[in-house]
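Chemist: Output the structure for:
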Amino acid sequence: MTVYEKLKQEQDSLLEKEGSMKMDQNLTVSYEEQKAQWQERKKQQQKENAGIFKKLAPASLIYALIYTVCIYKNMTGAAVLLWVAATIGYICYIVKTVKERKIFNTTIFFAAYMLILAVNTFTTGNEWIIWMNYCWIFAFTVCFLIRNLADKNQWDFWEYLCSGVNAVCGAISSITRPFGDGNDFIRLREKKENGKVREILIGIAIAIPVVLLIGGLLVSADLVFSSMITKFFAGIRIPANLAGICCMLCFGFISSYCGVRYSAYRKERQDRKTKIFTETTAMLTVTVLVAVLYVVFCGIQIIYLFGGGGELPEGVTYAEYARQGFFQLLLVCILNLGTVLVMEHFFQRSRAADIVWTVISVCTMIMTASSAWRMILYIRAYQLTFLRVVVLTVLAVIAFLMAGTICYIWNRRFPLFTYGMAVVCISYVLFAFAHVDAGIAAYDLAQIENGNAAGDYSYLSCLSTDAAPVIAEYLKDHPENIYYGDEMYNWKWEYMQENNRMNQPVTLRTFNLSYLHAQRVFSEK
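Modeler: Numbers count the residues shown, from 1 in each chain. Okay, here's the model as predicted:
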């Protein structure tokens, strides 16, 4: 190798080293810049989380306190009205704080309906209706919240359904948000001399409910440990419900915080256009075949069931006929209604499709009438129960909804969503305030008086306090001990045992009009 080649090789080596050093320097600078940008974004996010916690935490804590005071071991008392009013006020505060605007006038209906259901909750003793009231209150709370936090003014059924499910699932997935936001809030506060003491106090405050909860579980898990704890705290009065109150308080705070945190601060997605299917031949073929099947079925119902005077096939009991007919036909009616909504939303409209869906809707109404008639036959044979009243109410609602669906098929300006909401909400309110247990007691007692062999005092004893006036009036003219079969049946005692709440003292918090009325009618001599 010549001297020139050696010099050139050394020069190339030096140039390569200098290039790699510059590249390393550039990479180092780029990494440092990215790290600085990431830290800046992290600080901004922490500031944002701290600001959100500062806005939401106090209101959520106050709401959780009201919720715990009103609802803890008091699902049927008048305090539920205060809780619902606090829920409405809490949402109004969130909307005003986050969106800086007033509540939409179109959503006042949700708040009014929630208050109506709250009033019904402490005026009835029927536990099924009370639980349904809470389900309705929860659903309308979600609608009231998401509707006022959205910018779009007009919503339809699908938007309420999708947004509601998204809000509930998002709130559950955000269960760690209060702790993360609270941590950022504490870290970013200005440090003072007593910062350590404050953090210790915060830790103690958080540890109290945790220790009580875990301690309660351990006490119930081991008898020896429970005995030692009992002896250690002998003479010290500890409220027995403290652990439950703390758990309910934590649940109220976390659930309310997560719900509004997700709905109020999630990033809005751009509206997506619904894909409309223009090729409807396959769909139309399926619906035509289904319509033909429905027409044949409904023809049999008209000729046999309605025209035959209600005669049942040989070997078939009323129970088998009514129960089998109702549940299958109810499922078919719900599927038909849902399918009409889906087809209207995703498929292009055509005159042929409108005719087919009209036939299916008319057949659905005939099926509803058939199912109702079967249930009436069942009631005639086996008396009236709460579930059977619910069945007839649901069938009536389906009939009204299908009638509105037919109007919508031929006039797309018909407000089907508003009509459906009105039908369902009004029907439920009428059902809830009707005190159906009183009507059930009156009907069944009349059947027993007429010598109906299926008369059963045992079911009547399970009715709620709504039936107390009817039962008390009946017992005035009949002895308290009633022969049921070969045994003496103390019906009044049985009824009082089933509805033991009527014997409990009434306070302003636990006041229930149905319980109070039952106490009065049974205390009269």
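Chemist: care to break the chain down by domain?
Modeler: Domain assignment for the chain by automatic domain parsing gives 281-431, 437-523.
Chemist: any chance of those domains in JSON lines, with mean pLDDT too?
Modeler: What follows is the domains of the chain, written out as JSON lines (pLDDT from 0 to 100):
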{"stretch": "domain 281-431", "mean pLDDT": "77"}
{"stretch": "domain 437-523", "mean pLDDT": "71"}
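Chemist: If you count neighbours, what's buried in the host helix or strand of F297?
Modeler: Using DSSP states H and E, the element containing F297 is helix 281-300. Within helix 281-300, the residues scored as buried using 16 or more other Cβ atoms under 10 Å are M283, L284, T287, V288, V290, A291, Y294, F297, C298. To be clear about C-beta, it is placed using only N, CA and C from the backbone, and glycine gets the same treatment.
Chemist: and which of those is nearest to C333?
Modeler: Y294 (11.0 Å; Cβ to Cβ).
Chemist: how about the closest one, what does it touch?
Modeler: Counting by Cβ atoms under 8 Å, 6 or more residues apart in numbering, Y294 touches V359, I360, C363, T364, M367.
Chemist: Relative to A282, how far out is it?
Modeler: 19 Å (Cβ to Cβ, to the nearest Å).
Chemist: same question, N133
Modeler: Distance, N133 to A282, by Cβ to Cβ: 44 Å.
Chemist: ok, which stretches of the stretch 351-500 of the chain are helices?
Modeler: Counting by DSSP state H, counting those that start in this stretch, residue ranges of the helices within the stretch 351-500 of the chain are 351-382, 386-410, 416-433, 436-449, 457-460, 468-476, 491-498.
Chemist: Same list (these) but as a markdown table, adding distance to I91 and mean neighbour count.
Modeler: Shown next, in a markdown table, are these (distance: least, Cβ to Cβ, whole Å; neighbours: other Cβ atoms under 10 Å):
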| stretch | distance to I91 | mean neighbour count |
| --- | --- | --- |
| helix 351-382 | 37 | 19 |
| helix 386-410 | 28 | 18 |
| helix 416-433 | 19 | 16 |
| helix 436-449 | 32 | 19 |
| helix 457-460 | 42 | 16 |
| helix 468-476 | 37 | 18 |
| helix 491-498 | 38 | 16 |
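Chemist: Now these in TSV, please, with extra columns for distance to Q519.
Modeler: Formatted as TSV, those follow (distance: least, Cβ to Cβ, whole Å):
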stretch	distance to Q519
helix 351-382	31
helix 386-410	22
helix 416-433	21
helix 436-449	16
helix 457-460	19
helix 468-476	9
helix 491-498	10
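Chemist: Can you say which of the ones you listed is nearest to C169?
Modeler: helix 416-433 (22.8 Å).
Chemist: Please name every helix or strand in contact with that closest one.
Modeler: Applying 3 or more Cβ pairs under 8 Å, 6 or more residues apart in numbering; DSSP states H and E, one finds that helix 416-433 contacts helix 108-121, helix 127-149, helix 386-410.
Chemist: contact partners of that helix?
Modeler: Under Cβ under 8 Å, 6+ apart, the answer for helix 416-433 is 113, 116-117, 120, 123-124, 129, 132-133, 136, 156-157, 389, 393, 396-397, 400-401, 404-405, 407-408.
Chemist: Closest one of the contacts of Y294 to Y474?
Modeler: Nearest to Y474 among the contacts of Y294, with distances taken as Cβ to Cβ, is M367, at 38.0 Å.
Chemist: Go ahead and confirm the closest one touches L331.
Modeler: No. Contact criterion Cβ atoms under 8 Å: M367 and L331 do not qualify, at 10.5 Å.
Chemist: I186: which of the buried residues of helix 281-300 is nearest?
Modeler: Distances from I186 to the buried residues of helix 281-300, taken by Cβ to Cβ, are shortest for M283, at 58.0 Å.
Chemist: Could you say which helix or strand holds G182?
Modeler: Assessed by DSSP H and E, G182 sits inside helix 177-188.
Chemist: For that helix, buried residues please.
Modeler: Under the neighbour-count criterion of 16+ other Cβ under 10 Å, helix 177-188 has R177, P178, D181, G182, D184, F185 buried.
Chemist: Repeat that for stretch 134-143.
Modeler: Residues of stretch 134-143 classed as buried by neighbour count (16+ other Cβ under 10 Å): W136, I137, F140, T141, V142, C143.
Chemist: Mind listing residues that contact that stretch?
Modeler: Taking Cβ under 8 Å, 6+ apart as the rule, stretch 134-143 contacts 75, 84, 87, 91, 107, 110, 113-114, 117-118, 121, 160, 164, 167-168, 259, 428.
Chemist: pLDDT weak spots in the stretch 51-200 of the chain?
Modeler: 152-154, 156, 189-200 (pLDDT under 70).
Chemist: what's the nearest residue to G252 if we skip its chain neighbours?
Modeler: A64 (3.3 Å; Cβ to Cβ, 6 or more residues apart in numbering).
Chemist: nearest residue to N126 other than its sequence neighbours?
Modeler: Closest to N126 by Cβ to Cβ, 6+ apart is S464, at 4.3 Å.
Chemist: got the phi/psi numbers for the one you found?
Modeler: For S464, the backbone dihedrals (degrees, to the nearest 10) come out as phi -80, psi -180.
Chemist: If anything else comes up later, I'll come back, but that's it for now.
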